[in-house]
Each structure stands twice: as C-alpha cells, then as structure tokens.
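Engineer: everything below, folded, please.
(2 chains)
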2 protein chains.
Amino acid sequence: MPKIVDHDERRAHIVEAVTNIIVRDGFDRVKMREIAAEAGYAHGAISRYFPDKQSLLTAAFLQLYSRSNERINEGVQGLRGLDALERMCREILPFEERGGARNSRVVISFWDHAAQDDALRLIHRENNMRWRELFRRFLTEAREDGELAAHIDIDTAVNEVASRNAGWQMIAALLPDVSGDERLDEGLRALIDSFRSARSEEPVV
Amino acid sequence: MPKIVDHDERRAHIVEAVTNIIVRDGFDRVKMREIAAEAGYAHGAISRYFPDKQSLLTAAFLQLYSRSNERINEGVQGLRGLDALERMCREILPFEERGGARNSRVVISFWDHAAQDDALRLIHRENNMRWRELFRRFLTEAREDGELAAHIDIDTAVNEVASRNAGWQMIAALLPDVSGDERLDEGLRALIDSFRSARSEEPVV
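Structural biologist: Numbers count the residues shown, from 1 in each chain, chains lettered A, B, ... in the order given. Now for the predicted structure:
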C-alpha cells in the first residue's frame, strides 16, 4: 500500500522551516536546498509545493495572517466596540506570546517584496483591507454604544490604528530594546483611551 | 589640466539613479550595470563610490534621512512643544511634496535589509534614536508649557509617534488609495490633538 502523505501538514512544515530561516539568516539568503535541509525533505519535495522563493514568502506571510485571524475570531467572541478593537490589536501586535519580533521579520520581508511585485501587493492589500473593515466595525459599535469620544472621526481612527499596528512591526524587528510586551501594552492602552469618551470612563466631576 | 570631478555631486547623482530604480523595479532587481546606465556613468565609476548593492541602498536611505533632517531643522526654527512635534512629523511622513510613496519604497527596502544585516541595523538604529530624542524633547517642552494633557506619559507618546510615522511608510508604499496628503494630515492632527490638554486649546484668560 502506498504511504499516505498529508499534504497540508507537509506544506505547514515547510512554511515553518522557511520562517526559521528568515528569522535566522534573512529571506534574501534563503536557498531552496537549505529549506529542504531545515524541513528534512528532499529538494524535490519542496518544489512540488512551492515552485519558487516568492511563493514560500507568501505562504509564510499567509500563515501568520491566518493564525492571527484565528486568534482574533476567538478573542473577540462576545466583545464589541473598544474592547473588541483592543483585543484585535493585541492579536496583531508583536507581543511575545504571539511570536514577537520573529513574526515581524517575516512581515517586513513580505512588505518589501510586495512593494516590488503586483501579485504580492494584492495579497497584502486584500488581507489588510479585511482588518481595516473590522477596525471600522468595532469603532462604529463604539460610537453606537456611546463609548467613542464625539471628536473622533472613524475614518481617521481606522488609519491611526492601522498605521501604528504596522509601525510596531518595524520597531519589534529593528529596535527590540524599545519594543517588548510592556511598551506594546502601554501604547495600546493609550491609543484606546484616546478614543474613549470621558463619560464612558469615570463620572465627570 | 585634468578634469575636476566633484565627487559629492557624483555620489548624489548615483544615489538619485538608485532611488529611481528602486521605485521603478524594486531593489532586488537592481543590477550594478543598470545603475551605471541610469546615472550615465561607466560601471567602474559606480563601484569606485559604492562597492556593492548594500552600500547603495544605505546611501539612498541616508540621503532621505539627511534631507528630512535638513527640513526638520529648518521647519522647527522658532517652534517648540506640540507645534514643533507636528512640524517634525510633517517632514517625516510621506506627504507628496516630500517625495510621497517614492521615498517609502526606499525606506521599506532598507528596513528589510537592516533586519538581515547588523551593520545596516546599527545605521537605522542610530538615525531612529536621534528622531526619538527630538520627539521626547518636544513632548517635554509641551509638558513644561502646559500644552500636554496630564494623562499623557512621554515615553509612551514617543513610541506612539514613532510607530505611526513608521506605519505610514508601509501604507504609502503598499496601499496608496488609503494614504495621500489629506489622510496624512487628518491623522497627524488627530494625534497631536490627542496629546493636547483641554486648557491649552483655548486662550488662557
């Protein structure tokens, strides 16, 4: 009887190997044969799933993205408004238990290559836009619930959330000493507080 | 009499050519001979100034950085506190008249390569830390002048300014339809307003 191969598992295993190499050596130095060695497969087994380096980088990015999405979907269950927004950002930002700077390295490499390739740019765009829609939904709920300060414009707030979440990827990857869970936490709280209307916090004296 | 060569001018001209190619084709596709062709020099004339691609990318990044610094120094003359901070961010963010997405492409390529190379990471770090010191100085002035809301923590605010300035580079390069001067302007005003104490908004009687 032929050996049964779980292709999804192999794919995930290869993507894990690529992520390790990106973090250790950088994507530009990744060679297909090193990925095979890291994953413990023959070269042919890799190229069967991923024809080139670009497709490997995309797979590594999409794996991060879909893991974040699983955590977001689970995390925001039963939450709405600013609580949901805060929880969502917590799953996107490079907190240690979500992979920290390790994942940020993959994200930054993907941005660079997406800026140079239309197909990758579309993949990035589609994913980013879905997150923006969710930010908008939670901010709109916050407005409905009277949590959002009157002066906050939702379009602007979506951009503010998106830009700082992205910027923290760079900081985690390149300036680890000014990143870290405590800083991420302080920053996220400050952001959410800047959206909150006074009457939803403490009684105004 | 031998022809007098202005080496600084040549260097700047080559860096301009590299920036053009990064924006058009992406840094990974840049070949030394194309840079020579773009700049209108012989290959030998390029390698005399820049021994490899990495040194060209570094030079393109440092050129952006030093131009931003010239504009910052000029722009903040006579300003302090939140006015100075806003003006400084205006010179860093990818507004059209400061080069827009074009410069962001160079910045993002530099981040990716800095994450893969200790020497580039140090160059990035040094420049980034100098900006953070300035953010801190202006926020401290804002506190002294009673402009900064009491609940704003300066360390956290420095990180908030730095992260969103960085994130906008990604947005400009990869999502131009949600970037642009108007969005940048709205976002920057919202950030500065979130720092401002209520009593500094109105003239103190």
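
Engineer: can you pull out the helices in chain A?
Structural biologist: Secondary structure of chain A by DSSP state H: the helices cover A:7-25, A:32-39, A:43-49, A:53-75, A:81-92, A:100-114, A:118-144, A:154-174, A:181-195, A:198-201.

Engineer: got a markdown table for these, with distance to residue B:103 too?
Structural biologist: To be clear about C-beta, it is placed using only N, CA and C from the backbone, and glycine gets the same treatment. Below are the helices of chain A laid out as a markdown table (distance: least, C-beta to C-beta, whole Å):
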| stretch | distance to residue B:103 |
| --- | --- |
| helix A:7-25 | 25 |
| helix A:32-39 | 33 |
| helix A:43-49 | 37 |
| helix A:53-75 | 24 |
| helix A:81-92 | 25 |
| helix A:100-114 | 14 |
| helix A:118-144 | 18 |
| helix A:154-174 | 15 |
| helix A:181-195 | 25 |
| helix A:198-201 | 39 |
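
Engineer: now do the contacts for the closest residue to residue A:92 other than its chain neighbours.
Structural biologist: Nearest residue to residue A:92, sequence neighbours excluded (C-beta to C-beta, 6 or more residues apart in numbering or on different chains): residue A:165, at 5.1 Å. For residue A:165, the contacting residues are A:89, A:92-93, B:167, by C-beta atoms under 8 Å, 6 or more residues apart in numbering or on different chains.

Engineer: which non-adjacent residue is nearest residue A:7?
Structural biologist: Counting by C-beta to C-beta, 6+ apart, the nearest residue to residue A:7 once its immediate chain neighbours are dropped is residue A:49, at 7.4 Å.

Engineer: for the one you found, give its distance to chain B.
Structural biologist: For residue A:49, the distance to chain B equals 23 Å [C-beta to the nearest C-beta, to the nearest Å].

Engineer: how about that residue, what does it touch?
Structural biologist: Residue A:49 touches A:7, A:10-11, A:14, counting by C-beta under 8 Å, 6+ apart.

Engineer: now with 10 Å, please.
Structural biologist: A:7, A:10-11, A:13-15, A:41, A:55-56, A:59 (C-beta atoms under 10 Å, 6 or more residues apart in numbering or on different chains).

Engineer: can you check the pLDDT for the nearest residue to residue A:151 once chain neighbours are set aside?
Structural biologist: With C-beta to C-beta, 6+ apart as the criterion, residue A:151 has its nearest non-adjacent residue at 7.3 Å, and that residue is residue B:193. As predicted, residue B:193 sits at a pLDDT of 94.

Engineer: mean pLDDT lowest for which of the helices of chain A?
Structural biologist: Among the helices of chain A, helix A:198-201 scores lowest, at a mean of 62.

Engineer: quick revisit: any quick ChimeraX command for the buried ones out of the contacts of residue A:49?
Structural biologist: In ChimeraX, this line selects whichever of the contacts of residue A:49 come out buried by 16 or more other C-beta atoms under 10 Å in any protein chain shown:
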select /A:10,14,15,41,56,59
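
Engineer: got TSV for the contacts of residue A:49, with distance to residue A:27 too?
Structural biologist: Converted to TSV, the contacts of residue A:49 look like this (distance: C-beta to C-beta, whole Å):
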residue	distance to residue A:27
A:7	24
A:10	21
A:11	18
A:13	18
A:14	15
A:15	13
A:41	19
A:55	13
A:56	9
A:59	12
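
Engineer: between the contacts of residue A:49, which sits nearest residue A:174?
Structural biologist: Nearest to residue A:174 among the contacts of residue A:49: residue A:56, at 22.6 Å, using C-beta to C-beta.

Engineer: quick check: the gap between that closest one and chain B.
Structural biologist: From residue A:56 to chain B the distance is 15 Å (C-beta to the nearest C-beta).

Engineer: correct me, but that residue touches residue A:17?
Structural biologist: Yes. Residue A:56 sits in contact with residue A:17 when judged by C-beta atoms under 10 Å, with a separation of 9.1 Å.

Engineer: where do the contact lists of these two overlap?
Structural biologist: With contacts defined as C-beta under 10 Å, 6+ apart, the residues shared by residue A:56 and residue A:17 are A:30, A:35, A:46.

Engineer: still on that earlier bit, closest one to residue B:116 out of the contacts of residue A:49, please.
Structural biologist: Nearest member of those to residue B:116, counting by C-beta to C-beta, is residue A:56, at 15.8 Å.

Engineer: burial of the nearest residue to residue A:176 once chain neighbours are set aside, as a residue count?
Structural biologist: Using C-beta to C-beta, 6+ apart and skipping the chain neighbours, the partner closest in space to residue A:176 is residue A:101 (5.6 Å). Residue A:101 has 20 neighbouring residues, counting by other C-beta atoms under 10 Å in any protein chain shown.

Engineer: contact partners for residue A:101?
Structural biologist: By C-beta under 10 Å, 6+ apart, residue A:101 lies in contact with A:23, A:94, A:108, A:169, A:171-176, A:179-180, B:115.

Engineer: just the buried members of the residues you listed?
Structural biologist: Buried residues within the contacts of residue A:101, defined by neighbour count using 16+ other C-beta under 10 Å: A:23, A:94, A:108, A:169, A:171-175, A:179-180, B:115.

Engineer: and the residue nearest the centre of chain A, what does it touch?
Structural biologist: Nearest to the geometric centre of chain A sits residue A:92, at 4.6 Å (C-alpha atoms, centre = their mean). Contacts for residue A:92 were tallied using C-beta under 10 Å, 6+ apart; they are A:64-65, A:68-69, A:71-72, A:98, A:107, A:131, A:135, A:161-162, A:165-166, A:168-169.

Engineer: on that earlier part again, quick one: the residue nearest to residue A:151 from residue A:47, how far?
Structural biologist: Residue B:193 sits 54 Å away from residue A:47, going by C-beta to C-beta, to the nearest Å.

Engineer: and if you look at residue A:157?
Structural biologist: Where residue A:47 is concerned, residue A:157 sits at a distance of 45 Å (C-beta to C-beta).

Engineer: who's more crowded, the two?
Structural biologist: Neighbours per residue, other C-beta under 10 Å: of residue A:157 and residue A:47, the larger number sits with residue A:157, 25 against 14.
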